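# dropping the sequence and predicted coords here.
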Amino acid sequence: MHRSIEEANVRKLYPEPHITLGEIKERLREAADTERRLPKMGPSAVRAAWPEPKALSQYAHSRDVRTEPPSVEAIARYDACQLWLDWVSHDEKKVIWCWAHRTPWKLVENRMHRSRSWLYNVFRTGLAKIESRLMSDVI
């Protein structure tokens, strides 16, 4: 029952019947960027009373520097993309999410112990599943 409510919300967020593969890729990349900008959770949140130290620009890495928090709309689109990833297999989810986070293919190859062509085929298959599910009348 809960899952059908989330799927209905996806329809509200993306009511257009003709979503392109390029738009799906853009939204997945945006979701990864949104995830990167969300506040960190876990034991480090206990030290919230202390001010965050300013990172020196010479030591800051582009992936470690946080910009302003994401908007409510960006978080809603992030949630929708997370639902999309539930529609694909575990391997497809891993490969698509690594691509969205701009992880170099060589690192993904080494982590998953697979070839580049296998990763690309899994990536394309996963995106095709998401696209066909979004374009169907019944989610």
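Received it, and whenever you're ready, just let me know what you need.
# so where's the longest helix in the chain?
Criterion DSSP state H: the longest helix present in the chain is helix 116-135.
# so what does it touch, helix or strand wise?
In this structure, helix 116-135 packs against helix 21-37, helix 72-85, helix 90-100, helix 105-112, with contacts taken as 3 or more Cβ pairs under 8 Å, 6 or more residues apart in numbering; DSSP states H and E. Backbone N, C-alpha and C define where each C-beta goes, glycine included.
# which of those helices sits most buried?
Using mean count of other Cβ atoms under 10 Å, the stretch among the helices and strands packed on helix 116-135 with the greatest mean number of neighbours is helix 90-100 (a mean of 19).
# returning to what we had before: okay if I get the helices and strands packed on helix 116-135 as JSON lines plus distance to Ala128 and mean pLDDT?
As requested, those are exported to JSON lines (distance: least, Cβ to Cβ, whole Å; pLDDT from 0 to 100):
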{"stretch": "helix 21-37", "distance to Ala128": "8", "mean pLDDT": "93"}
{"stretch": "helix 72-85", "distance to Ala128": "12", "mean pLDDT": "93"}
{"stretch": "helix 90-100", "distance to Ala128": "10", "mean pLDDT": "95"}
{"stretch": "helix 105-112", "distance to Ala128": "19", "mean pLDDT": "93"}
